[in-house]
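In: need a structure here:
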Amino acid sequence: MQKEIHPENYRPCVFKDMGTEDYFITRSCADTRDTIEVDGVEYPLIKMEISAASHPFYTGKVKLVDTAGRVDKFRNRYANRNKK
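Out: Next comes the predicted model:
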């Protein structure tokens, strides 16, 4: 293995799925300001919008995520198109 090619801050981090509150610990060098305590040990926290715990491909469930009401606005606007 070549020396001095890896980042200096490669350390264990917690990746947390904010939708399901699931988390896993793995090594990363991503910068973060947040921390979390897991089993009495404090880790850097990296927040994720979606992971294998919440992605429809892995869960087999279709979940519609709409924070701004865009889907409802689209349905209301085009609801009467095919009703002629």
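
In: which positions in the helix or strand that contains Phe24 come out as buried?
Out: Taking DSSP states H and E as the criterion, Phe24 maps to strand 23-28. Across strand 23-28, burial judged by 16 or more other CB atoms under 10 Å covers 23, 28. Backbone N, C-alpha and C define where each C-beta goes, glycine included.

In: output it as PDB, nothing but the C-alphas.
Out: Output in PDB follows, covering the C-alpha atoms of strand 23-28 (Å, rounded to 0.1, in the frame of the first residue of the first chain):
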ATOM      1  CA  TYR A  23     -28.400   4.500  11.700                       C
ATOM      2  CA  PHE A  24     -25.200   2.600  11.000                       C
ATOM      3  CA  ILE A  25     -21.600   3.100  11.900                       C
ATOM      4  CA  THR A  26     -18.900   3.000   9.200                       C
ATOM      5  CA  ARG A  27     -15.600   4.700   8.500                       C
ATOM      6  CA  SER A  28     -15.600   8.000   6.500                       C
END
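
In: for the helix or strand that that strand is followed by, the distance to its chain's centre please.
Out: Note on strand 23-28: by DSSP H and E, the next helix or strand toward the C-terminus is strand 35-38. A distance of 17 Å separates the centroid of the chain from that of strand 35-38, by CA atoms, centre = their mean, to the nearest Å.
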